[in-house]
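In: Build me a model from this:
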Amino acid sequence: MNWFGIDFGTTNTSACDALTGRTFGDGLGAPLPSIIAIDKVSDSVLTGRDAWERRFELKDRGDYEVIRSVKPCLDTFTSKQGHRGRIWEVVDVVALVLETLKKNIATASGSDVTTATFGVPVDLTPSARRTLRAAALQAGIAVSTFVKESTAAIISEWANVKGSRNVAVFDWGGGTLDVSVTQMQGSKIAELATKGVPVAGNVIDEEIAQFVHGRIMRKRAVSKDLTEISPPVYNDLLVRCENAKCTLSEVDIAHFSIFQYDRQDEVVELTREELRPLLAPFVSRALDTLFSAIREACLPLELIDRIIITGGCSKLWLFREALLSDPRLSARVVWAREPEWAVARGAAVLQKDPGAFELSESIAIELCDGAYLDLFCSGDHAGKSNQSLTLALVEEAKSANIMLHRRSRQDGRYSLLLPITVPVMGFDLEDMQLDLELTSDLTLAVFASSGRLNKKHSVRRETQELRFAYSIAQERGVK
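Out: Modelled structure (predicted):
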């Protein structure tokens, strides 16, 4: 029996089989780009590496709808009608990427993926999680559970962090930088803090392309903006700059040729030193995000035992140089093996040996006198914990403000988690119903309504900004 984990990322999607340890992506040894291009006339579709390498050309032609990353579509996609009348919904778009991944796995291994654990970014919204479940099912894959990428990365590197107390995870991929600070509690991984910024490898590639373009124009004594370069040529430049960035992770100088760049051939040389001023702000911001997450966890850096470094962008030489030059960080660094596959590996382990998610903080409601009433406590299980209570309005008003707070495990302080405004009739002691659920999607769902108004005035809110602990077995791993 195979056990698959899938890393559904902003830029790339990948999979791992815990039975064999094999990884799967674009069929060429790399993760699958999370991009699709839909022909507006025929409704035919290009996905994966082919669509990625031709993305600017296809968009410029005007007869393709190019979606560079399907992950943001989970929340923002607007239905589109094809020339032949087909209506493309967000579930259809996301399912196309997963269908391509599933096909590539079958071609490479002969295995049919029917169930999988999905690793997702820390900020993936509740509605996005539901859409991803539906899209996976449409692609023929049932989602066993979700796991945050940081937790999956720790499980992937369990042999290197086992016995540690406080572990930070620094996941710098193509689309986002996610940092989590966790605490090991025996066989549990408990989240203490998370931070994320939407600046990662793709933006860096675009900045290097802009740098190269500017240098070419200066050499030619020509004034032409990068936006005036034809999309196929710009796409070629971008791909070569990404490859050069990867080359510079290993050597000091990278060379490449660009044929007919604005009607002239060019040979480009890039060195680490000349790119240093360009890349330094990205590295500085990335490290600031790491330090900010550690502060939010109420821990000094000295109490962080390990820092797991993962994600494709973590290979950036200037970032590694900054880490190794700071003794506070270098002594704690654990470099993930094959960082672009770490999340999929960890998710595959969970698919093989499922554990249980439980809250690592308390959730409380603020009462009218400023006191707090705990509704969920640390240790309550996701998918199995519900609460219902009846409240009373203590003043005449047309709306009631319900304030849900989280209580930190570290210092016991309460901080606002989710404010909810509920329409009411405004009677003194008017009754209100509040129903809450810790869902299997690792979210908190809240339903609130007045006993004097009909159901159309009820309010539903949901948040993913919860901190969980994951109960794991002591010995885990893929082959």
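
In: Contacts only, for Y414.
Out: The neighbours of Y414, taking C-beta atoms under 8 Å, 6 or more residues apart in numbering as the test, are A364, E366, Y372, H405, R406, R407, S408. Where C-beta positions appear, they are placed from N, C-alpha and C, glycine not excepted.

In: Pretty sure the fifth one sits against E366.
Out: No - here R406 lies out of contact with E366, judged by C-beta atoms under 8 Å, at a distance of 11.5 Å.

In: Compare neighbour counts for these two and give me the winner.
Out: Ranked by neighbour count (other C-beta atoms under 10 Å), R406 and E366 place R406 first, with 21 against 17.

In: ok, what's across the strand from that one?
Out: Assessed by DSSP bridges, R406 has beta-bridge partners I363, S415.

In: Show the contacting residues for it.
Out: Counting by C-beta under 8 Å, 6+ apart, the residues that R406 touches are E361, S362, I363, A364, Y414, S415, L417, L466, R467.

In: Quick one: the residues you listed as CSV, columns for pLDDT and distance to G25 too.
Out: What follows is the contacts of R406, written out as CSV (pLDDT from 0 to 100; distance: C-beta to C-beta, whole Å):
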residue, pLDDT, distance to G25
E361, 90, 35
S362, 93, 40
I363, 96, 38
A364, 96, 43
Y414, 92, 44
S415, 92, 39
L417, 95, 37
L466, 90, 30
R467, 89, 31
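
In: Go through those residues and say which is closest to V394.
Out: Checking the contacts of R406 against V394 by C-beta to C-beta gives A364 as the nearest, at 18.1 Å.

In: P419 and H405, how far apart?
Out: Counting by C-beta to C-beta, to the nearest Å, the separation of P419 from H405 is 10 Å.

In: One more: V394?
Out: 19 Å.

In: more crowded one of the two?
Out: Counted by other C-beta under 10 Å, V394 and H405 do not tie: H405 has more neighbours, with 20 against 13.

In: Might you report the residue contacts of that one?
Out: By C-beta under 8 Å, 6+ apart, H405 lies in contact with I363, A364, I365, E366, Y372, Y414, S415, L416, L417.

In: Mind putting the residues you listed into a markdown table with distance to G29?
Out: A markdown table is the format used below for these (distance: C-beta to C-beta, whole Å):
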| residue | distance to G29 |
| --- | --- |
| I363 | 44 |
| A364 | 49 |
| I365 | 52 |
| E366 | 53 |
| Y372 | 53 |
| Y414 | 49 |
| S415 | 45 |
| L416 | 46 |
| L417 | 43 |
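
In: So which residues of the chain form helices?
Out: Assigned by DSSP state H, the helices in the chain fall at 48-53, 55-61, 73-76, 90-109, 126-138, 149-156, 158-161, 201-220, 231-247, 272-296, 317-325, 327-330, 342-352.

In: for the last one, packing partners?
Out: To tie it back to what came earlier, the one meant is helix 342-352. When contacts are defined as 3 or more C-beta pairs under 8 Å, 6 or more residues apart in numbering; DSSP states H and E, helix 342-352 packs onto strand 4-8, strand 12-17, strand 115-120, strand 142-148, helix 149-156.

In: Pull out the buried positions in stretch 122-141.
Out: Using 16 or more other C-beta atoms under 10 Å as the test for burial, stretch 122-141 gives 122, 124, 126, 128-136, 138-139, 141.

In: got the domain boundaries for this protein?
Out: 4-148, 201-275, 356-471 (automatic domain parsing).

In: In ChimeraX, select just the buried ones from the contacts of R406.
Out: Command for ChimeraX that selects the buried part of those, burial taken from 16+ other C-beta under 10 Å:
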select :361,362,363,364,417,466,467
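
In: Reformat the contacts of R406 as TSV; add distance to V199.
Out: As requested, those are exported to TSV (distance: C-beta to C-beta, whole Å):
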residue	distance to V199
E361	28
S362	33
I363	31
A364	34
Y414	31
S415	26
L417	26
L466	25
R467	24
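
In: So which of the contacts of R406 is the closest to V333?
Out: Nearest to V333 among these is R467, at 24.0 Å by C-beta to C-beta.

In: For the closest one, give me its contacts.
Out: A190, E191, L192, A193, T194, L359, S360, E361, R406.

In: now E395
Out: Per C-beta under 8 Å, 6+ apart, neighbours of E395: D428.

In: Tell me the spacing between it and V70.
Out: 47 Å.

In: Before we move on, what's the pLDDT of the nearest residue to W52 once chain neighbours are set aside?
Out: Once flanking residues are discounted, W52 sits nearest to P33: 3.8 Å by C-beta to C-beta, 6 or more residues apart in numbering. At P33, the pLDDT value in this model is 91.

In: Tell me the spacing between P33 and S156.
Out: 22 Å.

In: Please say which of the two ends up with more neighbours.
Out: Neighbours per residue, other C-beta under 10 Å: of P33 and S156, the larger number sits with S156, 31 against 26.

In: could you list every residue that touches the more buried one?
Out: Applying C-beta under 8 Å, 6+ apart, the residues near S156 are T310, A336, A342, V343, R345, G346, V349.

In: Can you get me a residue count around E242?
Out: 18.

In: nope, V143 is what I meant
Out: 21.

In: thinking again about what came up before, any chance of the contacts of Y414 in CSV, with distance to V169 too?
Out: Formatted as CSV, the contacts of Y414 follow (distance: C-beta to C-beta, whole Å):
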residue, distance to V169
A364, 28
E366, 32
Y372, 30
H405, 26
R406, 20
R407, 23
S408, 19
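
In: measure the nearest residue to S249 once chain neighbours are set aside to D305 for me?
Out: Nearest residue to S249, sequence neighbours excluded (C-beta to C-beta, 6+ apart): K315, at 4.6 Å. The spacing between K315 and D305, counted by C-beta to C-beta, is 23 Å.
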